[in-house]
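Asker: I need the structure of the sequence given here:
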Amino acid sequence: MNTLITFLGRVPKGENGYRTTSYDFGDGSQYDPTAFFGWTLLERDRPDRLVVLGTAGSMWDHLFESDFDFGAEAEEERLALTEGVEKQTVTADLLDSLAPMLGRRLGIEVRLELIPFCRTADEQVKLLRVLADHVGNGAEVDLDVTHGYRHLPMLGLLSALHLRRVRDAQIRHIWYGAYDPDTEKAPVHDLNGLLEIADWLEALAVYDHTGDYGVFGTLLGKEIGGELEDAAFLETVNRIGQARSRVRSVLKKIEGEALPGGPAAALFRPELERRLAWAEVEHFYARQRQLCLEYLDRGRYQKAVLVGWEAFTTRLLQEHGGLNPLNHDHRKQVCEKFEERERNMKPRSTKWLHYDNLRRLRNAIAHGSEPKGDEVQSALSGAQAMRSFLHPLLEHLLPEP
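Answerer: Numbers count the residues shown, from 1 in each chain. Sure thing, here's the model as predicted:
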């Protein structure tokens, strides 16, 4: 079901009624001049429901005047409506009594809804709640912000984002007819591109919090998006080398080329490339170290510990030389040799103390076992304690290459 939600403003009324305007969609279509853009959108898009939002002083009387001839139907209510508009005292009960009559004339469901002036945070939140009440789950929505107060287009965008999140609504268009006093016409703009920018902002925020660049998948088309989703999966199962291969493939494809996803994707290209830059680090240890520190910064402590452990093991392999960092037996071998050497040292080295703490923390996190040692137990007590524990540990075990 498609719902058109439109705002009704308050404009001066002359002797011949409200000023009419010709709206131009830029596609050659022709529509009769009208004082209310909602009528043009009804003719163009033919929605299943119409929701008109306005304040107690909006031009509600126009909905029942020149564009339709209601004869003597609900004459007293319409006269009361005209008086209420003049005094800015229109009530919800009066609108509710007139909405069915307008709905019968239009042949669709009509709801006329009073809204506050939206000057305060409470009133702005109320507007979002009102819109959500009029939209069903999964509904298609066209939003027209032409006739609202000057600050309402901003709230309209927030409303669109809110409806997508809480109602899983598909926002087809955000219409705005910009009146030009010189031509007395109004070119119509579809502000839906702002939602694409919002999608990128949300994806960047999710990535910065989780490190999951799979969130960019739906924004970049099937091919590139699929590779990023694969890379995100491979990283979660600690296949860093394979993840890197997918990410490098993406970086190569978007280098110097127009990104799928339109202008919004081009705007955020530098941010996307910066977040994928780890894959260009040549050495295996350096890549693991960078990922480990990024996980720590994002608060993904389990990944930071597990990748940090693997990074230290890779560093041991490099120190020995001639061993394969992807070979499980070789990785196990160098850890065992390191532990044997360090255990025989008196006193124990600082490296051993940090290694032992990391090992015990890794076991506690990976297996859910009871942590051993006061330091590890303390680290597991809270995020700040974990950060304070890991930062000096990783700084010592994972120096810059």
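Asker: all contacts plus neighbour counts: C-alpha atoms, from now on.
Answerer: OK.
Asker: Asn238 should be in a helix, yeah?
Answerer: No: judged by DSSP: H, G, I helix; E, B strand; the rest coil, Asn238 forms no part of a helix; its state is coil.
Asker: Quick check: phi and psi on it?
Answerer: When quoted as degrees, to the nearest 10, the phi and psi of Asn238 stand at phi 70, psi 30.
Asker: Same check on Pro187?
Answerer: Taking degrees, to the nearest 10 as the convention, Pro187 sits at phi -60, psi 140.
Asker: From Leu63, how far off is the closest residue to it other than its chain neighbours?
Answerer: Once flanking residues are discounted, Pro187 sits nearest to Asp24: 4.7 Å by Cα to Cα, 6 or more residues apart in numbering. Using Cα to Cα, to the nearest Å, Asp24 is found at 21 Å from Leu63.
Asker: Please apply the same query to Gly38.
Answerer: Gly38 is 10 Å from Leu63, by Cα to Cα.
Asker: Show me which of those two is the more surrounded one.
Answerer: Gly38 (25 against 19; other Cα atoms under 10 Å).
Asker: And the pLDDT at that one?
Answerer: For Gly38, the pLDDT comes out at 94.
Asker: And Tyr149, by the same measure?
Answerer: pLDDT, Tyr149: 68.
Asker: do Leu152 as well
Answerer: So Leu152 comes in at 74 (pLDDT).
Asker: what number of residues lie near it?
Answerer: 20.
Asker: Ok, Arg248 next?
Answerer: As a burial measure, Arg248 scores 19 neighbours (other Cα under 10 Å).
Asker: Doesn't it belong to a helix?
Answerer: Yes: counting by three-state DSSP, one finds Arg248 located in a helix.
Asker: burial of the nearest residue in space to Glu370 that is not next to it in sequence, as a residue count?
Answerer: Of all residues not flanking Glu370 in the chain, Ala364 sits nearest, at 6.1 Å (Cα to Cα, 6+ apart). Neighbours of Ala364 under the rule other Cα under 10 Å: 17.
Asker: May I see the buried residues of the helix or strand harbouring Ala364?
Answerer: Element membership for Ala364, per DSSP states H and E: helix 350-367. Using 16 or more other Cα atoms under 10 Å as the test for burial, helix 350-367 gives 352, 354-355, 357-365.
Asker: again, but for stretch 200-207
Answerer: Quick answer for stretch 200-207 (16+ other Cα under 10 Å): 200, 203-204, 206-207.
Asker: from those, which is closest to Asp32?
Answerer: Closest approach to Asp32 among the buried residues of stretch 200-207 (Cα to Cα): Trp200, at 38.2 Å.
Asker: Now the helix or strand where that closest one lies - C-alpha only, PDB.
Answerer: In the assignment (DSSP H and E), Trp200 maps to helix 193-210. Taking Å, rounded to 0.1, in the frame of the first residue of the first chain, the C-alpha atoms of helix 193-210 are listed here in PDB:
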ATOM      1  CA  GLY A 193      19.100  11.300  -2.700                       C
ATOM      2  CA  LEU A 194      19.600  12.600   0.800                       C
ATOM      3  CA  LEU A 195      18.500   9.200   2.000                       C
ATOM      4  CA  GLU A 196      21.400   7.600   0.100                       C
ATOM      5  CA  ILE A 197      23.800   9.900   1.900                       C
ATOM      6  CA  ALA A 198      22.200   8.900   5.200                       C
ATOM      7  CA  ASP A 199      22.700   5.200   4.200                       C
ATOM      8  CA  TRP A 200      26.400   5.900   3.700                       C
ATOM      9  CA  LEU A 201      26.700   7.700   7.000                       C
ATOM     10  CA  GLU A 202      25.000   4.900   8.800                       C
ATOM     11  CA  ALA A 203      27.200   2.300   7.100                       C
ATOM     12  CA  LEU A 204      30.300   4.200   8.100                       C
ATOM     13  CA  ALA A 205      29.100   4.400  11.700                       C
ATOM     14  CA  VAL A 206      28.400   0.700  11.800                       C
ATOM     15  CA  TYR A 207      31.700  -0.100  10.300                       C
ATOM     16  CA  ASP A 208      33.600   2.100  12.700                       C
ATOM     17  CA  HIS A 209      31.800   0.400  15.600                       C
ATOM     18  CA  THR A 210      32.000  -3.200  14.400                       C
END
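Asker: hmm, who's touching that helix?
Answerer: With contacts defined as Cα atoms under 8 Å, 6 or more residues apart in numbering, helix 193-210 is touched by 157, 161, 212-213, 215-216, 219, 264-265, 268, 298-300.
Asker: Good, we can wrap up now.
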